[in-house]
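Visitor: this is a predicted model, with the sequence first.
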Amino acid sequence: METRILGMQRTQQMVTSPAQWQLLLCLATGPATGSQLRLLGPRRDLWRLWQHHLVMFHVKQWRWQLTADGESLRPVLQAIQSCITDERQ
């Protein structure tokens, strides 16, 4: 149980704003271009996620995507997405 708490605390230290969560939710559905992500938040939020190695820019595809560390947040992102879906219904 303590490992889960430490993991969540570490996540909260890395992802510090709603815009960063929005970016992660978008990238959880698949790679996206910079212009698609710009609609969700300022570049500094994307830059901060990149600094924490949660997202990366794929030069050949010219798209942003989750890294392995970002993929490890998938259960949290799925839980957030299900809450959003439930609220809309």
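Guide: Yes, it's here.
Visitor: going forward, measure contacts and count neighbours with C-alpha atoms only.
Guide: Noted.
Visitor: how many residues are close by F57?
Guide: 17 (other C-alpha atoms under 10 Å).
Visitor: quick one: it and T67 touch, right?
Guide: No. The pair F57 / T67 is not scored as a contact, 9.4 Å apart, by C-alpha atoms under 8 Å.
Visitor: identify each buried residue in the lengthiest helix in the chain, please.
Guide: Of all segments of type helix in the chain, defined using DSSP state H, the longest is helix 74-88. Residues L77 are the ones in helix 74-88 that count as buried (16 or more other C-alpha atoms under 10 Å).
Visitor: and that helix, average pLDDT?
Guide: Mean pLDDT, helix 74-88: 83.
Visitor: and the spatially most central residue of the chain, what pLDDT?
Guide: Note on the chain: the residue nearest the mean C-alpha position is L24, at 1.8 Å, using C-alpha atoms, centre = their mean. We have a pLDDT of 95 for L24.
Visitor: please apply the same query to R38.
Guide: For R38, the pLDDT comes out at 92.
Visitor: ok, now which ones touch A68?
Guide: Counting by C-alpha atoms under 8 Å, 6 or more residues apart in numbering, A68 touches L54.
Visitor: could you report the pLDDT at it?
Guide: At A68, the pLDDT value in this model is 94.
Visitor: and it, how far from L24?
Guide: 13 Å (C-alpha to C-alpha, to the nearest Å).
Visitor: kindly report the same for R63.
Guide: The spacing between R63 and L24, counted by C-alpha to C-alpha, is 14 Å.
Visitor: show me where this protein has its helices.
Guide: Taking DSSP H as the test, the helices found in the chain are 2-14, 18-28, 34-38, 43-51, 68-71, 74-88.
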